[in-house]
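Participant: Predicted model follows, preceded by the sequence.
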Amino acid sequence: MNEPGRLEAVDRADFEHTLHEALGAPDIREALQQPCSQVTPEQLHARALAAADTVASEASTEYAALLRLRTAPAPARTGRPQQPAHATVGDGLLAALAVLTPLLSAAAAAIFLLLGYGIQLTGAQRPLAIALIRTGWITGAIAVLAAAAAGTALVITAARHRATSRHPQPDAAALAQAHATWRRALLERGLLPFLRHQLHQPPAAAPQPRPASPPAQRARPSYSSPDFTGPTLPSRD
């Protein structure tokens, strides 16, 4: 995560939008319209963009809160922890078994007991009646145990949901509120004071071009012509 106050790339556009809002403030607009104004709106705009990180550091507390919310994991922002697909299917099967097992066991126990006691009353096939009655009571015990297990699972699930609801996580509304708070602090504590100060700063003087130096004179070699005379002709008498 970036340092507090140092803008991320995604927030540069918001900084520029807030800068346009600051340039439209009544006192700044009036000062720029004065004939004696030392700067132009374009110069103020360029100076603010060049010092964006410095200006944004005045709202570093609000910006750090915005970054914390923005970088939070997605399940924490929505308040609904995401689970793998296979875990969801498995939980559904377990929930169905937890509901159906006690019901089926209770129904089977009732059938076995009714058949067993009915045969026992007729006095025929006594061993079969005893076996059915014994099976019915065993199936009834299974139904009781399955119902107890299902009830325990429901209690545990409800406790987990209560624990999750006690710690609500930030959502999109909280993120939007943090964003608006940061932009307001950026405007009031960062951009407006910066622009008001820059209104009294004259533009930097443009560097004067250095005069071109004259071309160097090529040195001429100093030498003297050789001292000689032509041949002496004999005179005629």
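Facilitator: Arrived safely, thanks for sending. Because the structure is a prediction, the values reported are computed rather than measured.
Participant: for Pro202, what are its contacts?
Facilitator: 38-39 (Cβ atoms under 8 Å, 6 or more residues apart in numbering). Where you see a C-beta, it was placed from the backbone N, CA and C, and this is true even at glycine.
Participant: how close does it sit to Ser37?
Facilitator: 10 Å (Cβ to Cβ, to the nearest Å).
Participant: How about Leu132?
Facilitator: 105 Å.
Participant: Could you list the domains of this protein?
Facilitator: Using automatic domain parsing, the domains assigned to the chain come out as 9-78+170-198, 85-165.
Participant: Check the burial of the nearest residue to Arg70 once chain neighbours are set aside by counting its neighbours.
Facilitator: With Cβ to Cβ, 6 or more residues apart in numbering as the measure, Leu175 is the residue that lies nearest to Arg70, at 6.6 Å, once sequence neighbours are left out. Close neighbours of Leu175, defined as other Cβ atoms under 10 Å, add up to 15.
Participant: The one 10 residues further on now?
Facilitator: The number of residues packed near Ala185 is 18, by other Cβ under 10 Å.
Participant: Can I get the helix or strand hosting Arg183 as PDB, trimmed to CA atoms?
Facilitator: In this assignment (DSSP states H and E), Arg183 forms part of helix 172-185. Only the C-alpha atoms of helix 172-185 are listed here, as PDB (Å, rounded to 0.1, in the frame of the first residue of the first chain):
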ATOM      1  CA  ALA A 172     -20.000   0.000  -0.600                       C
ATOM      2  CA  ALA A 173     -21.800   2.800   1.200                       C
ATOM      3  CA  ALA A 174     -18.900   3.000   3.800                       C
ATOM      4  CA  LEU A 175     -16.400   3.100   0.900                       C
ATOM      5  CA  ALA A 176     -18.300   5.900  -0.800                       C
ATOM      6  CA  GLN A 177     -18.500   7.900   2.400                       C
ATOM      7  CA  ALA A 178     -14.700   7.500   3.000                       C
ATOM      8  CA  HIS A 179     -14.100   8.700  -0.500                       C
ATOM      9  CA  ALA A 180     -16.300  11.800  -0.100                       C
ATOM     10  CA  THR A 181     -14.600  12.600   3.200                       C
ATOM     11  CA  TRP A 182     -11.200  12.400   1.600                       C
ATOM     12  CA  ARG A 183     -12.100  14.700  -1.200                       C
ATOM     13  CA  ARG A 184     -13.600  17.200   1.200                       C
ATOM     14  CA  ALA A 185     -10.500  17.200   3.300                       C
END
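Participant: Output the contacting helices and strands for it.
Facilitator: Counting contacts by 3 or more Cβ pairs under 8 Å, 6 or more residues apart in numbering; DSSP states H and E, helix 172-185 packs against helix 12-23, helix 60-70.
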